[in-house]
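>>> Pasting the sequence and the predicted coordinates here, then a few questions.
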Amino acid sequence: MANVRVIPATAPIVSAQATNATCKRRVAAYARVSTDSEEQLTSYEAQVDYYTKFINNRSEWEFITVYTDEGISAVNTKKREGFKQMVADGMAGKFDLLVTKSVSRFARNTVDSLTTVRKLKEKGVEVWFEKENIYTLDSKGELLITIMSSLAQEESRSISENVTWGQRKRMADGKITLPYKQFLGYCKGEDGLPQIVPEEAEVVRLIFRLFMEGKTYSAIAKHLVKYGFPTPAGKDNWQACVVQSILTNEKYKGHALMQKTYCANFLTKKMVKNTGQVQQYYVEDSHPAIVDPDEWEAVQAEIIRRKKLGSIGRCGSPFSGKIVCGECGGWYGKKVWGSYRFDKTYRREVYRCNDKYKGEHKCETPVVTEDEVKERFLTAFNTLMENRDGLIEDCRLAQSTLCDTTAIDTELAELLREIEVVAELSRKAIYENARTAQSQNDFNERNNGYLERHRKAMEQIDMLETAKQERLAKSKTLEIFIRDIESRPLVIAEFIEALWLAVIDRVAIATDGAMTFTFRNGAEVTV
């Protein structure tokens, strides 16, 4: 039989429980609070002071430092710089023991908590959770940490759900909140509701006006930078995407769509765009409007129109998306003749049909220059202004007849009633099917009929809503047109870009070089 000799351990693991250590242990502490409120900051300062004195008062301990995180959640460690520095120093052997208040102060994420404890444990660094009296070098330490971390994580989930429920209850009650520090035009009023900031509201109205005058997102951004208007965040440099977000934000017309994003994971706090995963709330007339609702709708219609134009509609030139070929209907685009390489005098910018050489038949329409278009525009506009009063009267008549939405509103109301009736019939059919025995084929056929009626009604509503928005956009376009011609003299001598963008819909170039100017009110003048 083999002879087995037991060799006793000579370097026992030293735990925080040990009181007869032969040398001082290097000790650090970790303190954290989850919000920036005054009460929490007081708690934070108290924790730092407590652990500094607590460690220094132990003769067998040597104080190293207190690692801290202010106003940081404990559900993950990604943004906790103090925590990450503490782990790095522990792995580098800068301390032997870490003291912290509780498991929930350390990490509410079970995985993060266990991973960190194990990493430190491998380097011989112990963590002492004072409140729970858990020592990580103890044989039962990891089991207790797993249990307590799971409880802390569950508490975080419960808190997250309670906060979410409270927010959604406020939304359902029509109470809105805005990110005021990043939102142009509003501040929080005394009643807790958005209140208009006059000087910022003027910038918002300017953005909407410039867009309806034909300027692109980037052109508006450059205009705002040029005249020194600060961004919603108070910076000097405007981006096109910021302009776009302002133009498409329904809150500027006094309405609010809430829960556009939602928190998909309470541990990571990652916000995800809501594309139907959770309920949304739309509150009409929730706060004072900066922009008239009809003007806002007109801008949305104009955005859609420009998207259909593609790259032409996004070009910064005031003539892009305005000049068309009278022969093939294609857009005119800017072309450069000549080259800098030889002689600058040969360089010339012209506009030509983009589709001129695409088909078998070459378009016969000529090239035009900006100066030619400007000169003939002045002639066309002055011709139109010869009967300005009659022109304005025609526009008002078009607004009251062609842009009227009364009939559409009546039809929409009838369709909404139809949907309510169908929904009630479907509900009763499902209830009866659940209570009484009946042919499932008959039930399915009847219920499918209700679903089909509902689908058709929704299709009609979508069509009518689109038609309504088009009429409202047309009405707003006419209003801008009227406002511009009322503010101009009967005869203008110089080309004004803002006037061109506001009154011209398009210019068709004929094969003989004639230009037909179609104004936004539908009037045409050929020069």
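Structure's in. What do you need?
>>> and after the helix of greatest length in the chain, which helix or strand comes next?
Ranked by number of residues, the top helix in the chain under DSSP state H is helix 440-487. Helices and strands here follow DSSP states H and E; after helix 440-487, the next one along the chain is helix 497-503.
>>> buried residues in that next one?
499-503 (16 or more other Cβ atoms under 10 Å). From N, CA and C alone the C-beta is placed, and that goes for glycine too.
>>> now swap in stretch 461-471 and tell me
So for stretch 461-471, counting by 16+ other Cβ under 10 Å, buried means 461, 464, 468-471.
>>> Format the CA atom coordinates belonging to it as CSV.
Only the C-alpha atoms of stretch 461-471 are listed here, as CSV (Å, rounded to 0.1, in the frame of the first residue of the first chain):
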residue,chain,number,x,y,z
ILE,A,461,-58.6,57.1,-44.2
ASP,A,462,-55.0,57.0,-45.3
MET,A,463,-56.0,58.3,-48.8
LEU,A,464,-58.2,61.1,-47.4
GLU,A,465,-55.5,62.1,-44.9
THR,A,466,-53.0,62.4,-47.7
ALA,A,467,-55.4,64.4,-49.8
LYS,A,468,-56.1,66.7,-46.8
GLN,A,469,-52.5,67.3,-46.2
GLU,A,470,-51.9,68.1,-49.9
ARG,A,471,-54.7,70.7,-49.7
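>>> same question for that stretch, mean pLDDT?
Mean pLDDT, computed over stretch 461-471, is 86.
>>> repeat for stretch 287-304
The model assigns stretch 287-304 a mean pLDDT of 82.
>>> Stretch 507-519 now?
Averaging pLDDT along stretch 507-519 gives 91.
>>> which residues sit against that stretch?
322-327, 332, 353, 364-366, 368, 373, 376-377, 380-381, 384, 481, 503-506, 524-527 (Cβ atoms under 8 Å, 6 or more residues apart in numbering).
>>> Show me these that map onto strands.
Counting by DSSP state E, the contacts of stretch 507-519 place 323-325, 332, 353, 504-506, 524-526 in strands.
>>> In a markdown table: those, plus neighbour count.
Formatted as a markdown table, these follow (neighbours: other Cβ atoms under 10 Å):
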| residue | neighbour count |
| --- | --- |
| Ile323 | 23 |
| Val324 | 20 |
| Cys325 | 21 |
| Tyr332 | 27 |
| Cys353 | 26 |
| Ile504 | 22 |
| Asp505 | 15 |
| Arg506 | 14 |
| Glu524 | 12 |
| Val525 | 17 |
| Thr526 | 12 |
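>>> Out of those residues, which two are the most distant from each other?
Greatest spatial distance in the ones in strands among the contacts of stretch 507-519: Cys353 and Val525, 21.5 Å, computed using Cβ to Cβ.
>>> Show the end-to-end separation of stretch 88-99, please.
Using Cα to Cα, to the nearest Å, the end-to-end distance of stretch 88-99 comes to 16 Å.
>>> what comes up buried for it?
Those would be 89-90, 95-99, for stretch 88-99 by 16+ other Cβ under 10 Å.
>>> now stretch 358-376
So, applying 16+ other Cβ under 10 Å, buried residues of stretch 358-376: 363, 365, 367-368, 370, 372-374, 376.
>>> again, but for stretch 243-250
Neighbour-count burial for stretch 243-250 [16+ other Cβ under 10 Å]: 243-244, 246-247, 249-250.
>>> returning to what we had before: from the buried residues of stretch 358-376, which is closest to Arg305?
Val373 (21.1 Å).
>>> got the contact list for the closest one?
Counting by Cβ under 8 Å, 6+ apart, Val373 has contacts 319, 323, 351, 507, 515.
>>> Quickly note the distance from the last one to Val117.
I take that to be Met515. 79 Å (Cβ to Cβ, to the nearest Å).
>>> The fourth one now?
With distances taken as Cβ to Cβ, Val507 is found 74 Å from Val117.
>>> Met515 and Val117: which has the busier surroundings?
Val117 (25 against 21; other Cβ atoms under 10 Å).
>>> which one is that one nearest to, not counting chain neighbours?
Thr136 (5.1 Å; Cβ to Cβ, 6 or more residues apart in numbering).
>>> now the helices for the stretch 1-150 of the chain?
38-56, 81-91, 103-106, 110-122, 141-172 (DSSP state H, counting those that start in this stretch).
>>> looking at those helices, which one has the lowest mean pLDDT?
Across the helices of the stretch 1-150 of the chain, the lowest-scoring stretch is helix 141-172, with a mean of 63.
>>> after that helix, next one along is what?
strand 186-188.
>>> Identify all contacting residues around that next one.
In contact with strand 186-188 (Cβ under 8 Å, 6+ apart) are residues 178, 180, 194-197, 200, 251, 287, 290.
>>> Which among the residues you listed count as buried?
Neighbour counting by 16+ other Cβ under 10 Å classes 178, 194, 197, 200, 251, 287, 290 among the contacts of strand 186-188 as buried.
>>> what's the farthest-apart pair in those residues?
Longest span within the buried ones among the contacts of strand 186-188, Cβ to Cβ: Glu200 and His287, 14.4 Å.
>>> For the residue nearest in space to the middle of the chain, what is the enclosing helix or strand?
Taking Cα atoms, centre = their mean as the criterion, Ser245 is the residue nearest the geometric centre of the chain, at 6.9 Å. Using DSSP H and E, Ser245 maps to helix 240-247.
>>> pLDDT wise, what is Tyr346 at?
64.
>>> cool, and Glu420?
90.
>>> And Lys269, by the same measure?
61.
>>> now do Lys79
63.
>>> all helices for the stretch 301-450 of the chain, in order.
311-314, 370-384, 388-401, 406-435, 440-487.
>>> Pick the most buried one from the ones you listed.
helix 370-384 (a mean of 17; mean count of other Cβ atoms under 10 Å).
>>> Kindly format the C-alpha coordinates of that one as CSV.
Output of helix 370-384 as CSV, limited to C-alpha atoms (Å, rounded to 0.1, in the frame of the first residue of the first chain):
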residue,chain,number,x,y,z
GLU,A,370,-28.3,81.7,-64.5
ASP,A,371,-28.2,85.3,-65.8
GLU,A,372,-30.7,84.4,-68.6
VAL,A,373,-33.1,82.7,-66.1
LYS,A,374,-32.8,85.7,-63.7
GLU,A,375,-33.4,88.3,-66.4
ARG,A,376,-36.5,86.5,-67.8
PHE,A,377,-37.9,85.8,-64.3
LEU,A,378,-37.9,89.6,-63.7
THR,A,379,-39.9,90.1,-66.9
ALA,A,380,-42.3,87.3,-66.0
PHE,A,381,-42.8,88.5,-62.4
ASN,A,382,-43.4,92.1,-63.5
THR,A,383,-45.9,90.9,-66.0
LEU,A,384,-47.7,89.0,-63.4
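>>> what's the angle between that helix and helix 440-487?
Helix 370-384 and helix 440-487 are oriented at 90 degrees to each other (axes from the mean of the first three to the mean of the last three Cα atoms, to 10 degrees).
>>> And the average pLDDT for helix 370-384 is what?
Mean predicted lDDT for helix 370-384 stands at 90.
>>> Stretch 392-411 now?
85.
>>> Now flag whichever of the buried residues of stretch 358-376 is closest to Trp337.
Val367 (8.6 Å).
>>> That closest one reaches Asn354, doesn't it?
No. Shown here, Val367 and Asn354 do not form a contact pair, counting by Cβ atoms under 8 Å, at 11.8 Å.
>>> coming back round to it: next up, the contacts around the residue nearest to the centre of the chain.
No contacts exist for Ser245 under Cβ under 8 Å, 6+ apart.
>>> How confident was the prediction at it?
90.
>>> same check, this time on Lys235
pLDDT at Lys235 comes out at 88.
>>> Kindly report the same for Thr68.
85.
>>> Verify the stated contact: it with Tyr51.
No. If you go by Cβ under 8 Å, Thr68 and Tyr51 don't touch, sitting 9.9 Å apart.
>>> For Lys123, give me phi and psi.
phi -90, psi 10 (degrees, to the nearest 10).
>>> Count the neighbours of it for me.
Here the number of neighbours of Lys123 (other Cβ under 10 Å) works out to 11.
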